[in-house]
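Colleague: Provide a 3D model corresponding to the input given below.
(2 chains)
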There are 2 protein chains.
Amino acid sequence: MNAEVHADVQAYMQDVGRRARAAARVLGRADTNAKNRALLAIAEQLEQALPRLLEENEKDLAAGRANGLTPALLDRLALGEKGVRGMAQGLREIAAQPDPIGEITGLKFRPSGIQVGRMRVPLGVIGIIYESRPNVTADAAGLCLKAGNACILRGGSEAIRSNQAIAVCIRAGLEAAGLPFDAVQVIDTTDRAAVGELIRMREYVDVIVPRGGKGLIARIADEARVPVIKHLDGICHVYIDERADPGKAIRVAVNAKCRRFGICGAMETLLVHEAVAPYVLPQLGELYRAAGVELRGCERTRQLLPGCAIATEDDWRTEYLDAILAIRVVDDLDAAIEHIETYGSHHTDSIITEDLTRARRFLREVDSASVMVNASTQFADGGEYGLGAEIGISTDKLHARGPVGVEGLTTQKYVVLGEGSCRA
Amino acid sequence: MNAEVHADVQAYMQDVGRRARAAARVLGRADTNAKNRALLAIAEQLEQALPRLLEENEKDLAAGRANGLTPALLDRLALGEKGVRGMAQGLREIAAQPDPIGEITGLKFRPSGIQVGRMRVPLGVIGIIYESRPNVTADAAGLCLKAGNACILRGGSEAIRSNQAIAVCIRAGLEAAGLPFDAVQVIDTTDRAAVGELIRMREYVDVIVPRGGKGLIARIADEARVPVIKHLDGICHVYIDERADPGKAIRVAVNAKCRRFGICGAMETLLVHEAVAPYVLPQLGELYRAAGVELRGCERTRQLLPGCAIATEDDWRTEYLDAILAIRVVDDLDAAIEHIETYGSHHTDSIITEDLTRARRFLREVDSASVMVNASTQFADGGEYGLGAEIGISTDKLHARGPVGVEGLTTQKYVVLGEGSCRA
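Modeller: Purely as a prediction, here's the structure:
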């Protein structure tokens, strides 16, 4: 299965959009059982198709090697048996989650006699644009399906054969469950014009979720005419307050940086109150160095950590996603909040303190998707928050903020019940 | 107070944006009392400034007359003593509403030991673009203030003197309450480039709310780089089902059209099941004619209502906002839903039926911001829904759908509480 070439990409995408909209109407009223049956059937199709999936994936890998993809990118592209079983397992977990659709909340009588409440409903059609990892094809399709949405998926060109093979399994599973196979469509061309069209089809697409590098997301946000749920940088901070418990501070500051360097919830800058810096920084410095973390500090940090490199203005604004940490000693809580608001990316920030009033101030005043007290920023994750699988972590403020699970792919409409009620 | 001319509109707007962002940080942590004190102080300032407000409004009216504004537009522009008292009263009502900010919901322990919940917080900076009615200046400022947001207001050029005079009162009220007066800024120029800048300042503006005609909103949606909460057409339907109670059907169908013609919740198309059409349509025809409503029907309608004009495809797609009604006889509930999904604007639609299963299908399958059973579409209103004052009625699906009150001007962030908790 190679990439298709469409003479008229716009016409192709319009057709994809029309089909998605029609499928969304059927999916929106599909009951929980039908959706779960489809999720389980897709899982089965994927496992049955294991040899074919590995074969198509191998073709992508061979092309990638020929095109000089870096080892890291090849690693992201490789599916393997474990990857296929992981996709199937993920779909079974989504099937086991509760169905958010149809829940009516807050139904109350009004003085006029009508009852007003809200019903949770699908968004409609979701466009997802992602890079490399082919397993996103199954994960994203499963989340959209559970929430009653049709989706249009556009993966990376380097994974086109793997994605098309996964798409065949998804469509077979949908059909087996009696749902329209257009509910999940995987764009079959690598033509970039297809993306341009997808993010502008307001009539057919309700929201775009881009998953990938900063460049991809910024470009989509600039050019889209459809609303976008963005996931931008995670420049996350831990602030060790004057009233921190030093044991907790050291434990959390190490975990927030070192558990995994490459995830968006990893701490990139450590802020330390000047009163406790002389005590905690030397200990932390040793632990970080033992873990191979390069340190870049402000002047006061460097006095406490001889040999620490100097942090420039750029360091405060950088998402390293690597074994590098910026450290700054601050005068007080106000200076810490000021730093976070100036340099942070409103993703996830944590304060380490035993002081209730300072904790409350930090929670309220730091304008980030996740604000934490005495906890590692690496907890910023849909699974850890109890949302189940996540489609991404939104740094937007509207609609969905922070980890986005199935519920983030739904909306609410007002329901009004009367008895022939008229407005006065 | 005349419109200002800024040599460099971009620099002016950037400065406005910077001030708004700074004010938003103060406002976001202002307590309920401070915000309510400001709302009450602004109300008082407006009442004290009555003569000056009427004087400035008279200058706008004189300029409007000289520029040939229609009587309808002049009517919208006129403030009058009643208008000024109305603004003050509206602000006092907003002060009396509960403060949504800071509420923490759903705080639950997770298996890792952390507690995760969500805190309601302001959006930040809201840009509001509106036409004619100067009272929107006070209403919008009040709602934004209550929700802890700074706002940048851009009213119609024909109301610039009235809006500036109202702005003086708002700023005086903010200062009296000890809040930054940059929390509410009214653009002092009629230069259109200011709007272009406002809707593109992603760094300083979190959301744009346009209030006005279809043309204004479509243009802003096309050009904005900041998320927009849109309020587009209300092509609202009432469907009289085969199992409708005829008395309720006639009552609701008359109220939905005739209570007020010019609001977005007014019914524009009446759909009638063929089995009940011969009974209800002749009665409704007489009532509509008595109310001066022009009728345009499908062929089957015209057989039952002699003299009724013929409805064209265009009529199904038109928001008349006037004493005109399109009528269509349909075969069944499926045909009614199909019509609404094809021609409607996803605003507000109602079914009249005594049949539970059909009511449930209509509620679930009609993809509109408000779906109703046995109730008039004219109920689509923040006050009627119990939201208090509304900033508009969103036809968007993301973030806020349907009437948008104070809560629609807020968002939620995740709150995570631990005890030195680290992720495994």
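Colleague: close to chain B: what parts of the stretch 151-300 of chain A are there?
Modeller: Contact residues, the stretch 151-300 of chain A versus chain B (CB under 8 Å from any CB of the partner chain): A:206-207, A:221-222, A:225, A:227, A:229, A:245, A:247-249, A:251-252, A:254-255, A:259. (Each C-beta comes from the backbone N, C-alpha and C, glycine too.)
Colleague: now list the buried members of these.
Modeller: A:206-207, A:221, A:227, A:229, A:245, A:248-249, A:251-252, A:254-255, A:259 (16 or more other CB atoms under 10 Å in any protein chain shown).
Colleague: secondary structure added to the residues you listed, as JSON lines?
Modeller: Shown next, in JSON lines, are those (DSSP: H, G, I helix; E, B strand; the rest coil):
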{"residue": "A:Asp206", "secondary structure": "coil"}
{"residue": "A:Val207", "secondary structure": "strand"}
{"residue": "A:Ala221", "secondary structure": "helix"}
{"residue": "A:Pro227", "secondary structure": "coil"}
{"residue": "A:Ile229", "secondary structure": "coil"}
{"residue": "A:Asp245", "secondary structure": "coil"}
{"residue": "A:Lys248", "secondary structure": "helix"}
{"residue": "A:Ala249", "secondary structure": "helix"}
{"residue": "A:Arg251", "secondary structure": "helix"}
{"residue": "A:Val252", "secondary structure": "helix"}
{"residue": "A:Val254", "secondary structure": "helix"}
{"residue": "A:Asn255", "secondary structure": "helix"}
{"residue": "A:Arg259", "secondary structure": "coil"}
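Colleague: what's the farthest-apart pair in those?
Modeller: A:Asp206 and A:Asp245 (46.6 Å; CB to CB).
Colleague: tell me which strands the longest strand seen in chain A pairs with, and in which orientation.
Modeller: Longest strand of chain A, by residue count under DSSP state E: strand A:410-421. Take DSSP bridges as the rule and strand A:410-421 pairs in its sheet with strand A:115-122 (antiparallel), strand B:370-375 (parallel).
Colleague: please name every helix or strand in contact with the next helix-or-strand element following the longest one.
Modeller: Read it as strand A:115-122. Using DSSP states H and E, the next helix or strand after strand A:115-122 towards the C-terminus is strand A:125-130. Using 3 or more CB pairs under 8 Å, 6 or more residues apart in numbering or on different chains; DSSP states H and E, the elements in contact with strand A:125-130 are helix A:9-28, helix A:135-146, strand A:150-154, helix A:193-198, strand A:207-211.
Colleague: how much does strand A:125-130 deviate in direction from helix A:9-28?
Modeller: With axes from the mean of the first three to the mean of the last three CA atoms, to 10 degrees applied, the angle from strand A:125-130 to helix A:9-28 works out at 120 degrees.
Colleague: other residues contacting strand A:125-130?
Modeller: With contacts defined as CB atoms under 8 Å, 6 or more residues apart in numbering or on different chains, strand A:125-130 is touched by A:17, A:20-21, A:24, A:136, A:140, A:144, A:149-156, A:195, A:198-199, A:204-212, A:216, A:220, A:226, A:391, A:409.
Colleague: let's see that with 7 Å instead.
Modeller: A:20-21, A:24, A:136, A:140, A:144, A:149-156, A:195, A:198-199, A:204-212, A:220, A:226, A:409 (CB atoms under 7 Å, 6 or more residues apart in numbering or on different chains).
Colleague: okay, and for chain A, where does confidence drop off?
Modeller: A:1-2, A:132 (pLDDT under 70).
Colleague: one more time with 80, if that's ok
Modeller: The model of chain A has pLDDT under 80 over residues A:1-3, A:132, A:212-214, A:231-232.
Colleague: would you map out the domains in it?
Modeller: A:9-230+A:404-416, A:236-384 (automatic domain parsing).
Colleague: what are the buried residues along the longest strand of chain A?
Modeller: Of the residues in strand A:410-421, A:410-418, A:420-421 count as buried by neighbour count, 16+ other CB under 10 Å.
Colleague: run through who's touching that strand.
Modeller: Residues outside strand A:410-421 that contact it (CB under 7 Å, 6+ apart): A:100-101, A:104, A:112-123, A:147, B:245, B:247-248, B:251-252, B:363, B:368-376, B:379, B:385, B:397-398, B:401-402.
Colleague: tell me which residue of the stretch 251-400 of chain A lies closest to chain B.
Modeller: Here the stretch 251-400 of chain A gets closest to chain B at one residue, A:Ala375, 3.1 Å apart by CB to the nearest CB.
Colleague: could you do the stretch 151-300 of chain A as well?
Modeller: Closest residue of the stretch 151-300 of chain A to chain B, CB to the nearest CB: A:Lys248 (2.9 Å).
Colleague: how close does the nearest residue to that residue once chain neighbours are set aside sit to A:Thr301?
Modeller: Nearest non-adjacent residue to A:Lys248, counting by CB to CB, 6 or more residues apart in numbering or on different chains: B:Gly420, 2.9 Å away. Applying CB to CB, to the nearest Å, the value for B:Gly420 to A:Thr301 is 22 Å.
Colleague: repeat that for A:Glu319.
Modeller: Applying CB to CB to A:Glu319 and A:Thr301 gives a distance of 20 Å.
Colleague: give me the more crowded residue out of these two.
Modeller: A:Thr301 (23 against 17; other CB atoms under 10 Å in any protein chain shown).
Colleague: helix/strand/coil for the more buried one?
Modeller: On the basis of three-state DSSP, A:Thr301 is classed as helix.
Colleague: for the closest residue to it other than its chain neighbours, which residues are in contact?
Modeller: Leaving aside its sequence neighbours, A:Thr301 sits nearest to A:Ile327 (CB to CB, 6+ apart; 4.6 Å). By CB under 7 Å, 6+ apart, the residues touching A:Ile327 are A:270, A:272, A:295, A:297, A:301.
Colleague: burial of A:Glu313, as a residue count?
Modeller: 7.
Colleague: OK, contacts around it?
Modeller: Applying CB under 7 Å, 6+ apart to A:Glu313 gives no contacts.
Colleague: so it versus A:Arg52, what's the distance?
Modeller: Using CB to CB, one gets 52 Å for the distance from A:Glu313 to A:Arg52.
Colleague: what's the answer for A:Ile327, then?
Modeller: Using CB to CB, A:Ile327 is found at 51 Å from A:Arg52.
Colleague: go on, A:Val205?
Modeller: 30 Å.
Colleague: between these two, tell me which one has more neighbours.
Modeller: A:Val205 (28 against 13).
Colleague: was I right to think that one contacts A:Arg225?
Modeller: No - between A:Val205 and A:Arg225 there is no contact under CB atoms under 7 Å: 9.3 Å.
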